[in-house]
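*Asks:* show me the folded form of this:
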Amino acid sequence: MRKKYVLGGFAVMAMLVLIFDTQTALKGAQDGISLCIQTVIPSLFPFFFISGIVNQSLLGYSGRVLRPLGRLCGIPAGAEPLLLLGMTGGYPVGAQAVGAAYENGYIHKSDAQRMLGFCSNAGPAFIFGIAGSIFENRWIPWLLWAVLILSSLIVGMLLPGKSRATCQISEKKNLRPLEQAMRAMATVCGWVILFRVWILFLNRWILWIIPKEYAILFSGVLELTNGCVEIHSVADPTFQFTALAGLLSFGGLCVGLQTVSVTGKLNCKTYFVGKLLQALISIILSLIICTILFPGE
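*Replies:* Numbers count the residues shown, from 1 in each chain. Alright, predicted model coming up:
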């Protein structure tokens, strides 16, 4: 009962804030809708649809190129396409594909929950778009993507409970990937719009008080895109590279809630553990790289 009262109290306070500062709420919602229409839907919807096709056609078949990575990360034989999709599809496409693979009977629940910890990552289109607008050297985005891939694979190696199972060829298939993609896309856009409103309120009333670097990191931990876009305002290249690697690896709370929403009955505890571990590994790797890239800065 106490939790319900606390939650209800926060809801009443949030309602009052929305009433007394309606313009900020409207501006945040408009920004969120614009972001969804111009960026989120064009970049993610095709991958959501393709993930449904992957689940129907490729799961259960091990490739010679991907199988060594599958063994390294301890995923069921035949589930390697999920690993590839998680590295290229963008948040939360990989997680959604893992959840769909479990629902369709291809992999066991324990394997699916473990795979959530490293089979969902920022996509190359997002990485290159953000890093390309910050760094002049064209090869730095490639290096950043390599850091994220390496840290993801390391997390796959470190997480306990490696599987020796084989991906099952199930008759329980989802024959409507378009419908599944549309539902997942609607959920993602809902969280993006909601977090845009929260971020705008925080920027207006709280975040301007603290130093810029901390405000950027806090904003990125809440909502990935907003934090990454603001990194260019800090001139230190070491901070830029390291902060980008950490934020892109963690994904932010908004992406985390998107993941919870699109993975059905799976427990996402391992997802958050894996993302925190990946962010730590990426920061360490980035600091080492920055001593070579930006000596004396």
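*Asks:* may I ask which helix or strand of this structure has the lowest mean pLDDT?
*Replies:* helix 2-20 (a mean of 71; mean pLDDT, DSSP states H and E).
*Asks:* which other helices and strands contact the next helix or strand after that helix?
*Replies:* Downstream of helix 2-20, the first helix or strand assigned by DSSP states H and E is helix 22-35. Here helix 22-35 touches helix 177-205, going by 3 or more Cβ pairs under 8 Å, 6 or more residues apart in numbering; DSSP states H and E. For the C-beta atoms, the positions are set from N, CA and C on the backbone; glycine is no exception.
*Asks:* burial count for I134?
*Replies:* Around I134 sit 19 other residues, with neighbours defined as other Cβ atoms under 10 Å.
*Asks:* can you pull the pLDDT of it?
*Replies:* pLDDT, I134: 87.
*Asks:* all the strands of this protein, residue numbers only.
*Replies:* For the chain, strands defined by DSSP state E do not occur.
*Asks:* where in it is pLDDT low?
*Replies:* 1-7, 10, 55-64, 169-175, 296-297 (pLDDT under 70).
*Asks:* L217 touches Q240, doesn't it?
*Replies:* No: using Cβ atoms under 8 Å, L217 is not in contact with Q240, being 11.9 Å away.
*Asks:* for these two, indicate the residue with more neighbours.
*Replies:* Between L217 and Q240, counting by other Cβ under 10 Å, Q240 is the more crowded of the two (23 against 19).
*Asks:* residue contacts, that one?
*Replies:* Residues in contact with Q240, defined by Cβ atoms under 8 Å, 6 or more residues apart in numbering, are 134-135, 231-232, 234.
*Asks:* once you drop chain neighbours, what's closest to K162?
*Replies:* G74 (2.6 Å; Cβ to Cβ, 6 or more residues apart in numbering).
*Asks:* what's next to stretch 270-277, contact-wise?
*Replies:* Counting by Cβ under 8 Å, 6+ apart, 95, 113-114, 116-118, 120, 155, 158-159, 249-251, 256, 259, 263 sit against stretch 270-277.
*Asks:* and it, which residues are buried?
*Replies:* 270-272, 274-275, 277 (16 or more other Cβ atoms under 10 Å).
*Asks:* closest one of these to T225?
*Replies:* Nearest to T225, judged by Cβ to Cβ, of the buried residues of stretch 270-277 is K275 at 16.1 Å.
*Asks:* what's the separation between that closest one and G251?
*Replies:* 6 Å (Cβ to Cβ, to the nearest Å).
*Asks:* separation between F118 and E213?
*Replies:* Counting by Cβ to Cβ, the gap from F118 to E213 is 28 Å.
*Asks:* these two: who's more crowded?
*Replies:* Taking other Cβ under 10 Å, F118 and E213 do not tie; F118 has more neighbours (29 against 15).
*Asks:* any chance of the backbone angles for that one?
*Replies:* The phi/psi pair for F118 (degrees, to the nearest 10) reads phi -140, psi 0.
*Asks:* that one reaches I149, doesn't it?
*Replies:* No: contact criterion Cβ under 8 Å: F118 and I149 do not qualify, at 10.3 Å.
*Asks:* please enumerate the helices of the stretch 151-297 of the chain.
*Replies:* 177-205, 212-222, 224-230, 237-250, 252-262, 269-293 (DSSP state H, counting those that start in this stretch).
*Asks:* quick one: closest of the ones you listed to E103.
*Replies:* helix 177-205 (9.7 Å).
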